[in-house]
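**Q** Coordinates only, no sequence provided:
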């Protein structure tokens, strides 16, 4: 491997020795059944060199504004605009992320694999003149009773017209019966 790389790099092969060492340490060795890096550290090496093309889409890291265990780790996808250095890429970020620097290290990026389930269907929303809309209830999904110290409040889980099932809300049953009696028939 060293000879092949030295012949390919010609006169500056000595400057490329760290790359050749990296390639040698990460190549599979039949005698030990793994790469030398795997044998030494017990895990596969995360290579810092990603050979991505300009125009590909990447997921960028999200830890800038939202924190917490349940917040998504990556946002995007964003298009690669330019290959800045050996391990950095410039991304085309939207206007709401303009306060962020648009150059990211490869360790902060993940390749985006297109998935049809990631595409959400846009539902039409009837807006008023002041850009508000009236929530319309579609159906009742569930009933429960909220126990307080002195009384119990019957609640219903209501699915709204412009929302998914995950966004259904718990509302007081008596208010829903007054406003929308057809849901209780």
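**A** Okay, I see it. Just so it is clear, the structure is predicted and the values come from calculations on it, not from any experiment. Numbering: from 1, shown residues only.
**Q** so residue 184 touches residue 139, yeah?
**A** No. Judged on Cβ atoms under 8 Å, residue 184 makes no contact with residue 139 at a distance of 10.8 Å. To be clear about C-beta, it is placed using only N, CA and C from the backbone, and glycine gets the same treatment.
**Q** show me where pLDDT drops low in the protein?
**A** For the chain, residues meeting the criterion pLDDT under 70 lie at 5, 47-73, 118-127, 133-135, 137.
**Q** Run through the strands of it in chain order.
**A** Using DSSP state E, the strands of the chain run over 57-61, 74-85, 88-91, 103-105, 110-111, 137-147, 152-160, 169-172.
**Q** Point out the other helices and strands that the third one packs with.
**A** Contact partners of strand 88-91 among helices and strands, from 3 or more Cβ pairs under 8 Å, 6 or more residues apart in numbering; DSSP states H and E: strand 57-61, strand 74-85, strand 103-105.
**Q** Tell me which of these sits nearest to residue 161.
**A** strand 74-85 (27.9 Å; Cβ to Cβ).
**Q** Parallel or antiparallel, list what pairs with that closest one.
**A** Strand 74-85 has the following sheet partners, assigned by DSSP bridges: strand 57-61 (antiparallel), strand 88-91 (antiparallel).
**Q** what about the spatially most distant residue from the centre of the chain, distance to residue 185?
**A** Distance from the centre of the chain peaks at residue 150, with 45.2 Å (Cα atoms, centre = their mean). Between residue 150 and residue 185 the distance is 32 Å, computed by Cβ to Cβ, to the nearest Å.
**Q** Give the closest residue to residue 142 in space, chain neighbours not counted.
**A** Counting by Cβ to Cβ, 6 or more residues apart in numbering, residue 157 is the residue found nearest to residue 142 once chain neighbours are left out, at 4.0 Å.
**Q** pretty sure residue 173 is in contact with residue 156, am I right?
**A** Yes. In this structure residue 173 lies within contact range of residue 156 using Cβ under 8 Å: 5.0 Å.
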